[in-house]
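Asker: Quick one, what's the 3D model for this:
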Amino acid sequence: MSLAGNPLVKLVKLITDESRIDDKIRETQAALTLVKKRVSESLTQHYISMREPRIQLPEDLMREEQSYERLLQALQDMKSEIAKQIRPVEEQIIQANVDHLRQTFQQESRKLSKCLEEIDDNILACRQYLQDYEQIRSSLYGLNEKLIQLGAEAIQIPDGLPTTDLGEIVRLRIESLRFQGKI
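Answerer: Reported below is the predicted structural model:
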């Protein structure tokens, strides 16, 4: 995520600038509203005192209002410019996040595949253990035969597996472990 650090800093700075500009725009609008109110009050008093049908606007009030309107327009233009600058930074941050999430997804997918490979390896190892089991059992029969030939009593050999099907043997062993409360 170090790639997104630089755009993130830019975004924070731009958002802060935009926030300050919004504050200035609100202040300017409040001042403009106040100026308009003063112009209106001044015109009303001027009209009342003059009793003339024709109203003359004081030039200084009109210039002050125009000045505030130009300032307000400049602030709006600055806000628009900052918004234009923020958009590419936001897009960079979004793209960096998308890239990071895709990379994480691929890593997790590889881990998932590795888990399946381990399961497969253990199943294949089970087959080898089953072959070893049958060879050792066969060897025990041979040892029992030698004991009998020497006049000794035969020793009981553990029961063999009920099937040679690997899937069925794994299923039976799982049932046995469940019965014993181990899984």
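Asker: list the contacts for Glu134?
Answerer: Residues touching Glu134, when contacts are defined by CB atoms under 8 Å, 6 or more residues apart in numbering, comprise Gly160, Leu161. C-beta here means a position set from N, CA and C on the backbone, and glycine is covered the same way.
Asker: so for whatever helix or strand it lives in, what's the average pLDDT?
Answerer: Element membership of Glu134 [criterion: DSSP states H and E] is helix 59-149. Averaging pLDDT along helix 59-149 yields 89.
Asker: The helix or strand that it is followed by: how far from the chain's middle?
Answerer: Using DSSP H and E, the helix or strand that follows helix 59-149 in sequence is helix 166-179. The gap between where helix 166-179 is centred and where its chain is centred comes out at 41 Å by CA atoms, centre = their mean, to the nearest Å.
Asker: do the same with stretch 161-172
Answerer: On CA atoms, centre = their mean, the centre of stretch 161-172 falls 45 Å from the chain's centre.
Asker: Name the residues of stretch 162-180 that are buried.
Answerer: Taking 16 or more other CB atoms under 10 Å as the basis for neighbour counts, the residues of stretch 162-180 that come out buried are Ile169.
Asker: same thing with stretch 65-84?
Answerer: Residues of stretch 65-84 classed as buried by neighbour count (16+ other CB under 10 Å): Glu65, Tyr68, Leu71, Leu72, Leu75, Met78, Lys79, Ile82.
Asker: And those residues, which is closest to Arg127?
Answerer: Proximity of those to Arg127 (CB to CB) peaks at Ile82, which lies at 67.6 Å.
Asker: Check whether the closest one really touches Asp17, as I assumed.
Answerer: Yes: at 5.5 Å, Ile82 and Asp17 qualify as touching, with contact defined as CB atoms under 8 Å.
Asker: one step back: would you format the buried residues of stretch 65-84 as CSV with distance to Val170 included?
Answerer: Shown next, in CSV, are those (distance: CB to CB, whole Å):
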residue, distance to Val170
Glu65, 88
Tyr68, 84
Leu71, 81
Leu72, 78
Leu75, 74
Met78, 72
Lys79, 68
Ile82, 65
